[in-house]
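Compute the structure for the input listed below.
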Amino acid sequence: MDTDFFVAWLAEAGRRVRAQRERLTELDAAIGDADHGANLDRGFTEVSKALADAPPDSPAQALVTAGTTLIRRVGGASGPLYGSMLRQMGRTLEPPQSPVTLAAFSGAFDAGVLAVERLGKATAGDKTMVDALSPAGRALALAVRDGVGPRTAFEQAAAAAEEGARGTIPLRARKGRASYLGERSVGHEDPGAASAVLIVAALAAVSA
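Model prediction:
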């Protein structure tokens with residue numbers, strides 16, 4: 001996975017977020033501020049501009065640039081959380097590696113998820129994006145162990161993320177604005193988990 005792969009991944013993630021913007025907004029309207037779709041769409045648009053204005057020369061630089069852009073340009077919690085994840089992934093891949101092996105990607109992904117957990121003070125079961133990201137990370141680690149190729153690994157990660165996101169529906173939120181709703185947060189898919197599915201699924205799409 002070279003620099004072009006990471007740029008393509010971020011672009012595809014942005015396209016998927018844009019296509020699902022209204023759905024993300026509807027999910028967020030039920031238990032949040034109704035701005036998740038708009039914020040992420042704007043954020044990934046800014047990421048595309050940043051990468052076009054200063055083309056990265058390594059996977060690490062692409063991720064750090066994307067992460068820093070999301071932190072600076074996106075309001076709410078999603079920008080800092082996804083931004084911290086991508087930036088930590090990039091820092092984990094430094095010194096610059098290209099191409100990046102699946103094992104290295106898996107390790108960087110785990111480091112990124114840990115950054116999200118630390119910033120959001122969330123763990124699996126809290127009804128957040130962690131409920132989708134954490135299973136995706138485990139699926140990647142298992143794929144590395146089993147020696148499968150990147151495309152299959154990312155498909156498995158996307159399936160695990162989707163299952164994790166669906167698993168947030170019966171949960172009571174314990175973090176974020178949704179936690180203020182108490183029992184009323186039950187019965188709704190977490191919007192952060194839903195957007196995490198799109199971002200992980202984008203990996204499989206650009207690996208085809």
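
Tell me who's in contact with the residue nearest to residue 119 when sequence neighbours are not counted.
Using CB to CB, 6 or more residues apart in numbering and skipping the chain neighbours, the partner closest in space to residue 119 is residue 84 (5.1 Å). Heads up, the C-betas are built off the backbone N, CA and C, glycines and all. For residue 84, the contact set (CB atoms under 8 Å, 6 or more residues apart in numbering) comprises 67, 71, 112, 115-116, 119.

how does it look with 7 Å?
67, 71, 115-116, 119 (CB atoms under 7 Å, 6 or more residues apart in numbering).

List only those of these flagged as buried.
Neighbour counting with 16 or more other CB atoms under 10 Å marks 67, 71, 115-116 as buried within the contacts of residue 84.

re the thing from before, C-alpha coordinates for the strand or helix carrying the residue nearest to residue 119, PDB please?
Assigned by DSSP states H and E, residue 84 belongs to helix 78-92. Taking Å, rounded to 0.1, in the frame of the first residue of the first chain, the C-alpha atoms of helix 78-92 are listed here in PDB:
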ATOM      1  CA  SER A  78     -16.100  14.000  15.000                       C
ATOM      2  CA  GLY A  79     -13.200  16.200  13.700                       C
ATOM      3  CA  PRO A  80     -11.000  15.800  16.700                       C
ATOM      4  CA  LEU A  81     -11.800  12.100  17.100                       C
ATOM      5  CA  TYR A  82     -11.200  11.000  13.500                       C
ATOM      6  CA  GLY A  83      -8.400  13.600  13.100                       C
ATOM      7  CA  SER A  84      -6.600  12.200  16.100                       C
ATOM      8  CA  MET A  85      -7.100   8.700  14.700                       C
ATOM      9  CA  LEU A  86      -5.600   9.400  11.300                       C
ATOM     10  CA  ARG A  87      -2.800  11.600  12.700                       C
ATOM     11  CA  GLN A  88      -1.800   8.800  15.200                       C
ATOM     12  CA  MET A  89      -1.900   6.300  12.400                       C
ATOM     13  CA  GLY A  90       0.500   8.500  10.400                       C
ATOM     14  CA  ARG A  91       2.800   9.000  13.300                       C
ATOM     15  CA  THR A  92       2.900   5.200  13.900                       C
END
